[in-house]
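[1] heads up, no residue letters with this:
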């Protein structure tokens with residue numbers, strides 16, 4: 001049985017959120033729903049926990065690990081929002097975006113040369129600019145300039 005999402009914050013325009021920042025009832029409902037959704041997604045991804053071997057260096061394992069990191073951080077965000085720590089959450093959203101961009105880079109790049117994936121498994125930091133450069137090269141300058149990646 002599907003559960004209906006009741007909080008209007010899921011679809012509310014940003015300008016309306018700013019206009020009515022003290023709608024605590026909607027915020028509490030949103031956090032409850034977000035927590036429930038994230039827990040379900042986490043359970044789905046968690047079933048792969050024992051699928052990968054310890055020393056495995058596959059792109060699938062790396063992408064799964066990065067997605068689990070993003071999910072854990074989103075769950076932390078829900079906790080922090082409940083504690084009214086909005087500034088910290090804003091910084092964590094950037095981390096989540098960059099982690100998911102790295103997973104995307106591994107997915108696309110590994111079809112030809114898994115150079116950055118191998119570096120990542122060797123504990124080297126892959127700067128976000130590598131992803132931005134890859135997008136610019138693979139998708140073109142016009143796509144890059146109109147995407148969120150360039151901002």
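    Received, thanks. Note that this is a predicted model, so its numbers are computed, not measured. Numbering: from 1, shown residues only.

[2] Report how many residues lie close to the closest residue to residue 120 other than its chain neighbours.
    Take residue 120 and drop its neighbours on the chain: the residue closest to it by Cβ to Cβ, 6 or more residues apart in numbering is residue 126, 5.5 Å away. No exception for glycine: its C-beta is placed from N, CA and C like everyone else's. By other Cβ atoms under 10 Å, 17 other residues sit near residue 126.

[3] what's near enough to touch residue 126?
    102, 105, 116, 119-120 (Cβ atoms under 8 Å, 6 or more residues apart in numbering).

[4] switch to 10 Å and redo it
    Residues counted as contacts of residue 126 (Cβ atoms under 10 Å, 6 or more residues apart in numbering) are 98, 101-102, 105-106, 115-117, 119-120.

[5] I'd like those laid out as JSON lines, including pLDDT.
    What follows is the contacts of residue 126, written out as JSON lines (pLDDT from 0 to 100):
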{"residue": "98", "pLDDT": "95"}
{"residue": "101", "pLDDT": "94"}
{"residue": "102", "pLDDT": "96"}
{"residue": "105", "pLDDT": "93"}
{"residue": "106", "pLDDT": "94"}
{"residue": "115", "pLDDT": "90"}
{"residue": "116", "pLDDT": "93"}
{"residue": "117", "pLDDT": "95"}
{"residue": "119", "pLDDT": "95"}
{"residue": "120", "pLDDT": "96"}
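
[6] Now that we have those, which of them are buried?
    98, 101-102, 105-106, 116-117, 120 (16 or more other Cβ atoms under 10 Å).
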